[in-house]
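Q: Next input, structure requested:
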Amino acid sequence: MDLSTKFDGLFLKNPLMPAAGPLVGDFEKLLFMQEAGCGAIVTKTISTKDARIPKPCIYGERDFIMNSELWSEYNKEKWLEEFLPEFAKVRDQRPLIISVGYTKEDMEILIPLLEPFADAYEVSTHYVGTDHSVIAETVKTIRKHSKKPLYMKISPHIPDPSGFAKAIKDAGANGVVAVNSLGPTMKIDLKKRKIIYGNEQGFVWTSGPVIKNLALATVYAIKQAEPSLTVIGVGGISSADDVIEFLLAGASAVQMLSSALLKGKQLYAKIIEDLPKALLKYGFKSIEEVIQTQLINKVKYKANVPYLIPEKCIRCMLCVKICPYFAIEMKDVITFDATKCFACGLCPVKCPTGAIVMLEDEE
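A: Model (predicted):
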């Protein structure tokens with residue numbers, strides 16, 4: 001099974017890489033990602049000065065991470081004199097994407113220094129506002145110092161992903177990393193009546209599976225608007241199936257971090273191991289075939305009333321409780337009122353045993 005993907009002169013043996021964050025914050029962590037088999041390596045965001053990070057700074061629940069981390073807690077000298085030279089001695093041929101931030105003034109300093117180590121750059125736009133012209137100027141500044149692939153990371157608070165994509169393409173970027181963590185968000189401790197895990201304003205950023213569908217939509221919107229741009233998908237990936245979804249939406253590769261914080265760092269190797277089986281399951285012969293597949297988007301306005309497979313029903317009554325149109329009741333068996341049913345599709349996807357089925361209506 002061919003898991004490789006190619007874009008902008010970069011070759012990845014598989015499409016999974018880490019996202020910028022705490023798991024790629026020094027030499028030891030970069031080496032771990034290489035040994036885990038990631039197709040490319042991404043560093044934590046390096047800036048012109050080290051970040052002062054509140055402690056504790058990471059909070060996790062079942063499907064999300066909240067964090068008040070900023071960029072790297074190490075200064076640029078630590079990266080330039082220790083982490084990157086050490087990694088250069090042991091790294092193999094997989095690409096190293098250096099994450100940098102944030103302003104064009106920072107880029108004037110950082111890019112010439114990092115150029116000997118980088119195969120490509122990822123630029124965080126988290127703290128530079130939503131003005132496309134400001135972001136475009138950052139791209140132009142980097143282009144004065146480097147011809148290497150350049151990917152601008154879009155934050156969910158940027159209101160016009162398509163406009164963002166056009167602006168950075170026109171300025172000379174190769175693509176977009178979509179998306180950064182969502183925020184600002186907040187975590188409150190009810191017992192202590194206290195904001196926790198927050199920065200000075202009381203805010204944190206949210207990532208993980210909870211933002212997956214937002215990230216997918218952003219990847220798709222950008223690729224539809226600017227097909228020539230490379231898109232690297234990030235936000236909520238936790239399985240091989242998720243990787244395939246992002247590739248179908250328009251990504252050429254993906255990044256993951258939060259799910260590894262929730263489920264364990266072994267998740268990188270597991271997803272790479274699971275990818276061949278997942279591809280076969282969905283009828284694909286390679287990663288490239290997934291990328292080249294066009295998603296079907298056929299809107300319908302009619303659907304059939306669901307029906308019950310009685311032998312699968314465990315009489316949990318969940319469908320009765322959740323139906324927003326009051327169209328389901330328990331008689332001798334679960335019964336659907338066709339005069340009330342809106343064919344919304346909620347009950348089949350929520351039924352825990354697959355006892356409720358809705359056939360597609362052919363228009």
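Q: Can you list the buried residues in stretch 147-166?
A: Neighbour counts over stretch 147-166 (16 or more other CB atoms under 10 Å) mark 148-156, 158, 161, 164-166 as buried. Glycine gets a C-beta too; all of them are placed from N, C-alpha and C.
Q: what about dumping the CA coordinates of stretch 115-135 to CSV?
A: This file holds the C-alpha atoms of stretch 115-135, laid out as CSV (Å, rounded to 0.1, in the frame of the first residue of the first chain):
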residue,chain,number,x,y,z
GLU,A,115,17.2,28.9,6.6
PRO,A,116,20.0,26.3,7.0
PHE,A,117,17.8,24.0,8.9
ALA,A,118,14.3,24.3,7.3
ASP,A,119,12.9,22.3,4.4
ALA,A,120,9.7,24.4,4.6
TYR,A,121,8.1,27.0,6.9
GLU,A,122,4.8,27.1,8.7
VAL,A,123,3.8,30.6,9.9
SER,A,124,1.3,31.0,12.7
THR,A,125,-1.1,34.0,12.3
HIS,A,126,-2.7,33.5,15.8
TYR,A,127,-1.7,36.9,17.2
VAL,A,128,-1.6,39.2,14.2
GLY,A,129,-5.3,39.9,13.7
THR,A,130,-7.5,39.3,10.7
ASP,A,131,-6.3,41.8,8.2
HIS,A,132,-5.3,39.9,5.1
SER,A,133,-3.0,42.7,4.0
VAL,A,134,-0.9,42.4,7.2
ILE,A,135,-0.7,38.6,6.7
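Q: centre of the chain versus that stretch, how much separation?
A: 17 Å (CA atoms, centre = their mean, to the nearest Å).
Q: on that earlier part again, kindly indicate which of the buried residues of stretch 147-166 lies nearest Glu61.
A: Using CB to CB, Pro156 is the member of the buried residues of stretch 147-166 that sits closest to Glu61, with 19.0 Å.
Q: Work out for me the element the closest one sits within.
A: Using DSSP states H and E, Pro156 sits in no helix or strand.
Q: tell me the domain ranges of the protein?
A: 5-292, 307-357 (automatic domain parsing).
Q: looking at the ones you listed, which is closest to Val299?
A: domain 307-357 (13.5 Å).
Q: Tell me where the stretch 101-250 of the chain has helices.
A: 104-114, 132-145, 161-171, 212-225, 240-249 (DSSP state H, counting those that start in this stretch).
Q: And the next helix or strand past the shortest one?
A: When you say that, I think you mean helix 240-249. Where DSSP H and E defines the elements, the next helix or strand beyond helix 240-249 is strand 253-256.
Q: which strands and helices sit next to the helix or strand following that next one?
A: Sequence order places helix 258-263 as the next helix or strand after strand 253-256, per DSSP H and E. Applying 3 or more CB pairs under 8 Å, 6 or more residues apart in numbering; DSSP states H and E, we find helix 258-263 packed against strand 58-61, strand 64-67, helix 267-281.
Q: Please identify the deepest-packed of these.
A: Scoring the helices and strands packed on helix 258-263 by mean neighbour count under mean count of other CB atoms under 10 Å gives strand 64-67 as the most buried, with a mean of 24.
Q: ok, and the closest non-adjacent residue to Val290?
A: Among residues not flanking Val290 along the chain, Leu247 sits closest, at 4.4 Å (CB to CB, 6 or more residues apart in numbering).
Q: What is the burial count for the one you found?
A: The number of residues packed near Leu247 is 25, by other CB atoms under 10 Å.
Q: That one contacts Val254, doesn't it?
A: Yes - in this structure, Leu247 is within contact of Val254 by CB atoms under 8 Å, at 7.3 Å.
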